[in-house]
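**Student:** Sequence and predicted structure are below.
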Amino acid sequence: MVSLEFSHVYGGYESQSVFEDLNLAFPKGSFIALTGPNGSGKSTLLKFIYKHLKPIDGKVLLEGRNVATINQKELAKHLGFVPQNGKLDYAFTVTEAVSMGRYAYGGQDSGRSVEQALLECDIVHLGDKLVTELSGGELQRVLLARALCQQGKVLLLDEPVNHLDVKHQRSIMELLCRLVEKGYTVICVLHDLLLVQIYSQTTLVLQTGKVVAYGPTETVFTETLLRDVYDIDAHQVYDPTLDRMLWLPTYKGSSQ
Ligand SMILES: Nc1ncnc2c1ncn2[C@@H]1O[C@H](COP(=O)(O)OP(=O)(O)OP(=O)(O)O)[C@@H](O)[C@H]1O
């Protein structure tokens, strides 16, 4: 079943068009990685989904409904969004900031989703701390917790593990996988190709607003694609814990 669909989408910014006739369907209950070089359109694609941008032409459909016809409050019950380098400028406590995810429900939280989200993102101990006093990685986990307690079944994440140490990177990626097992659709912008290959089931590779590859992650990456898209040489190594091959950039020496 399809969770989100782009149908003949054209658009971008006043100064620059990014997509021309974008057609894509994201399956429900899947971990979809969006990757591609800087400026290829990954964040812009997410903006069409959460209605920060409106297509000039075409439609974005959420479970068959045009998002243009869904108001922001209702959309917030279906979609959680974790921004790239998100900031919270006001001196709220962590618990208050996470509770803002309940806005679409009039602040009600009978299912204790705030408590649950604090636990899942490993930030219970930070509950009373001001968000202005958090490290980048702690703040990132607060933003994910806020998105989780919106209780939408679609999560959009723009480079969610950039500021995280290895342990918290792993725990967030594993949390996202658990959510996918529960039926969530996770659409996640990632630059780290190892994380893409380890955790995602489906990968979309964008380059200057064009779909270069889209499909099962294990078949998307090839030597040719990595050279054409990223201008890197790459080789495969066997990971015995995953029992499969992974692509790695080839180190060519410091003189190159
Ligand atoms: N607010 C804006 N106004 C005008 N152009 C923009 C704006 N935001 C992004 N762009 C342009 O749109 C194109 C796509 O940008 P986008 O941010 O979607 O790329 P990205 O793939 O997310 O990049 P990155 O990996 O660097 O985060 C780029 O050429 C960028 O310069």
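**Tutor:** Yep, that arrived.

**Student:** all contacts plus neighbour counts: C-alpha atoms, from now on.
**Tutor:** Noted.

**Student:** N38: how many residues sit nearby?
**Tutor:** 13 (other CA atoms under 10 Å).

**Student:** Mind pulling the model confidence for it?
**Tutor:** Here the pLDDT value assigned to N38 is 96.

**Student:** ok, now S254?
**Tutor:** 66.

**Student:** mind checking the end-to-end distance for stretch 200-209?
**Tutor:** Length of stretch 200-209, first residue to last, CA to CA, to the nearest Å: 21 Å.

**Student:** Around the ligand, pick out the residues from the chain.
**Tutor:** Within reach of the ligand by CA under 6 Å from any ligand atom, the chain has these residues: Y13, S15, Q16, V18, P37, N38, G39, S40, G41, K42, S43, T44.

**Student:** Keep only those of these that are in helices.
**Tutor:** K42, S43, T44 (DSSP state H).

**Student:** Leaving aside the residues adjacent along the chain, what's closest to V124?
**Tutor:** Take V124 and drop its neighbours on the chain: the residue closest to it by CA to CA, 6 or more residues apart in numbering is L118, 5.2 Å away.

**Student:** Now E223: phi and psi?
**Tutor:** Per-residue torsions, E223: phi -60, psi -40 (degrees, to the nearest 10).

**Student:** ah, wrong one, I meant I123
**Tutor:** Here I123 shows phi and psi, under degrees, to the nearest 10, equal to phi -130, psi 20.

**Student:** The one 4 residues further on too?
**Tutor:** Dihedral angles of G127 (phi, psi; degrees, to the nearest 10) stand at phi -50, psi -40.

**Student:** How about Y103?
**Tutor:** phi -50, psi -40.

**Student:** related to what we said a few turns ago, got the ones in helices among the residues of the chain next to the ligand as CSV, with neighbour count and pLDDT columns?
**Tutor:** Shown next, in CSV, are these (neighbours: other CA atoms under 10 Å; pLDDT from 0 to 100):
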residue, neighbour count, pLDDT
K42, 25, 97
S43, 19, 96
T44, 18, 97
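
**Student:** Between those residues, which sits nearest D128?
**Tutor:** Nearest to D128 out of those is S43 (CA to CA; 31.5 Å).

**Student:** I figured the closest one hits D158, correct?
**Tutor:** Yes: here S43 reaches D158: they are 6.7 Å apart, a contact under CA atoms under 8 Å.

**Student:** just checking, Q108 is part of a helix?
**Tutor:** No: under DSSP: H, G, I helix; E, B strand; the rest coil, Q108 sits outside any helix and is assigned coil.

**Student:** Would you mind measuring from it to P216?
**Tutor:** Distance from Q108 to P216, by CA to CA: 39 Å.

**Student:** if you count what's nearby, which of these two comes out ahead?
**Tutor:** Taking other CA under 10 Å, Q108 and P216 do not tie; P216 has more neighbours (15 against 12).
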